[in-house]
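Undergrad: build me a structure from this.
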Amino acid sequence: MRASLYNPRPEETNLSDFKFFKHLTDAEIGKLNYDKTCQIYKKGSIVYREGSRLTGFYCVTRGILKIYKTGIDGKEQIIRFVKKGDIIAFRSLLSQELACTTAKVIDDAVLCQIPYPTLLFLLQNNWKFSHWMIQILCRELREANDYITDIAQKSVRERLAEVLILLRDNFDVDENDTLQISLTREELANMVGTATESVIRLLSEFKQDGLIDLKGRRITFIDEASIRKIANV
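TA: Below you'll find the predicted structure:
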């Protein structure tokens with residue numbers, strides 16, 4: 001691996017366990033490890049901005065990031081959160097377009113960047129990897145279509161319930177069923193696609209109805225089944 005600006009721990013630069021690379025040969029993994037550049041990003045750091053030219057895609061080996069678009073009024077629309085094991089920025093890279101989103105660190109992270117030429121080499125020389133990438137792209141397109149449908153057809157209450165379920169399914173909960181990802185009310189609102197005040201009011205209603213408990217930013221699930229029923233998922 002080439003020298004990086006910071007020095008993540010060796011286990012934080014290991015990409016062999018990434019599901020994304022499961023179809024690569026040992027030699028291809030070796031090339032990946034040689035070409036990658038790994039760096040520590042502190043909370044609040046911007047990895048790349050909407051409209052920037054990307055030179056590679058990123059593998060998240062530690063931490064949490066939010067991926068968002070910025071509206072005309074400057075308001076964020078959070079597309080998703082990513083964590084260890086996820087990859088980001090590969091769609092704009094493949095299409096050779098400017099980045100269509102911004103990636104911001106919300107929990108200290110380690111990211112390994114894979115250069116564009118390396119990605120092209122893998123796609124051209126390993127058809128299983130190419131097919132796997134097509135499957136990932138199709139899945140993300142389906143998720144985007146589902147999101148558009150939700151925005152058009154679900155109420156804000158239903159969308160908030162769905163966001164809570166998505167966060168629960170994608171991030172750890174502790175022994176008390178408390179979400180381990182800590183988000184501001186504004187970030188939740190930006191995921192749901194509504195005003196912060198609406199999220200604050202609905203979370204209070206969920207608490208009064210005995211569905212969740214709230215302690216600052218921490219959200220604890222009390223009646224997951226009912227939340228899933230509200231979310232219609």
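Undergrad: name the helix or strand for the closest residue to residue 86 other than its chain neighbours, please.
TA: Spatial nearest neighbour of residue 86, excluding adjacent residues (CB to CB, 6 or more residues apart in numbering): residue 60 at 4.9 Å. Where you see a C-beta, it was placed from the backbone N, CA and C, and this is true even at glycine. Using DSSP states H and E, residue 60 sits within strand 56-70.
Undergrad: and that strand, what's buried?
TA: Buried residues in strand 56-70, counting neighbours by 16 or more other CB atoms under 10 Å, are found at 56-68.
Undergrad: so how far is the helix or strand that contains residue 104 off the chain centroid?
TA: Following DSSP H and E, one finds residue 104 within strand 102-115. The chain centroid and the centroid of strand 102-115 are separated by 10 Å under CA atoms, centre = their mean, to the nearest Å.
Undergrad: residues in contact with the following helix or strand past that strand?
TA: Per DSSP H and E, the first helix or strand lying C-terminal to strand 102-115 is helix 116-125. Contacts with helix 116-125, where a contact means CB atoms under 8 Å, 6 or more residues apart in numbering, come from 24, 28, 31-32, 35-36, 54-57, 90, 93-94, 129-130, 133.
Undergrad: tell me the angle the helix or strand following helix 116-125 makes with helix 116-125.
TA: Sequence-wise, the next helix or strand downstream of helix 116-125 (DSSP H and E) is helix 127-153. Using axes from the mean of the first three to the mean of the last three CA atoms, to 10 degrees, the inter-axis angle of helix 127-153 relative to helix 116-125 is 110 degrees.
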